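K.L.:
Here is my input; please provide its structure:
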Amino acid sequence: MIPVGYMYKTVSDRPGWLKTDQVSDICSVSACVSEDFDDWVRHWKHNGYWFFDSPQIIEALAEEHRISLDKMKLFFYSVYEQQWDDENSEWVSFAPEASFTTDVVMPKKSTLLGYDVVAFSAQTSAECSPLSCNHVAEEQTVNPHCLLDSFKEAKQLIESGAFRECEPGPYRIFEVCGVENT
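P.N.:
Residues are numbered from 1 along each chain as shown. Coordinates of the predicted model:
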């Protein structure tokens, strides 16, 4: 897994339209249900993976632009080094956007919450997480955060075609960790 960075998010409770009692909240990488802080892309402080190298970068932006992070949770993400090309049904390499500096600071302490599968059709920022966005969590076993419990399970679901009728890929597998706010 490649460390790709941090994001502050407002974690939403399971929305009523997601019909599964397995899920209590949504800790997906995408911002479709649990929103990322502000309109962060416009600040152009993200790294080549379209996350932030450290919590301090986000906190400085929040202070400068008077964005409250009080009710948000801090996440740290790592990603599998290959993405699933859904058109050719194969794993292929990808790289960070070279025009952005990428120098991720590892968290001192984090808690593994699970694994997410995320669509990256534009090859930039995270798009949809089919477990929540496309109701796949209604058909597959997920944990209370609407994430999968293992990398192996995420990879098997992708390869089996469980996300075939969802958002267009490629798909990337993310390790989702909670981090104590700094």
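
K.L.:
list the contacts for the residue nearest to the spatial centre of the chain?
P.N.:
Geometric centre of the chain, nearest residue: V29, 1.9 Å, by Cα atoms, centre = their mean. Contacts for V29 (Cβ atoms under 8 Å, 6 or more residues apart in numbering) come out as M7, F75, Y77, D116, V118, A126, S129, F174, V176. Glycine gets a C-beta too; all of them are placed from N, C-alpha and C.

K.L.:
how far away is the last one from R42?
P.N.:
From V176 across to R42, the span is 24 Å (Cβ to Cβ, to the nearest Å).

K.L.:
Which one of the two is surrounded by more residues?
P.N.:
Set V176 next to R42 and count neighbours by other Cβ atoms under 10 Å: V176 wins out with 24 against 8.

K.L.:
thinking again about what came up before, among the contacts of V29, which ones are buried?
P.N.:
M7, F75, Y77, D116, V118, A126, S129, F174, V176 (16 or more other Cβ atoms under 10 Å).

K.L.:
can I get the contacts of V29 in CSV with pLDDT and secondary structure?
P.N.:
Shown next, in CSV, are those (pLDDT from 0 to 100; DSSP: H, G, I helix; E, B strand; the rest coil):
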residue, pLDDT, secondary structure
M7, 96, strand
F75, 97, strand
Y77, 98, strand
D116, 97, strand
V118, 95, strand
A126, 88, coil
S129, 93, coil
F174, 97, strand
V176, 98, strand
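
K.L.:
So, low pLDDT: which residues of the protein?
P.N.:
181-182 (pLDDT under 70).

K.L.:
Quick check: phi and psi on W91?
P.N.:
The phi and psi values for W91, taken as degrees, to the nearest 10, are phi -80, psi 130.

K.L.:
Report the beta-bridge partner residues of it.
P.N.:
W84 (DSSP bridges).

K.L.:
That one: neighbour count?
P.N.:
There are 16 residues near W91, going by other Cβ under 10 Å.

K.L.:
pretty sure it is in contact with P170, am I right?
P.N.:
No: at 9.3 Å, W91 and P170 do not qualify as touching, with contact defined as Cβ atoms under 8 Å.

K.L.:
Now do the shared contacts for these two.
P.N.:
Any residue near both W91 and P170 by Cβ under 8 Å, 6+ apart counts here, and that gives Q83, W84, D85.

K.L.:
which among the residues you listed gets closest to V142?
P.N.:
Checking those against V142 by Cβ to Cβ gives W84 as the nearest, at 18.6 Å.

K.L.:
What's the local residue count around the closest one?
P.N.:
W84 has 23 nearby residues by other Cβ under 10 Å.

K.L.:
Reduced to three states, what does the residue nearest to the centre of the chain come out as?
P.N.:
Assigned with DSSP: H, G, I helix; E, B strand; the rest coil, V29 falls in the coil class.
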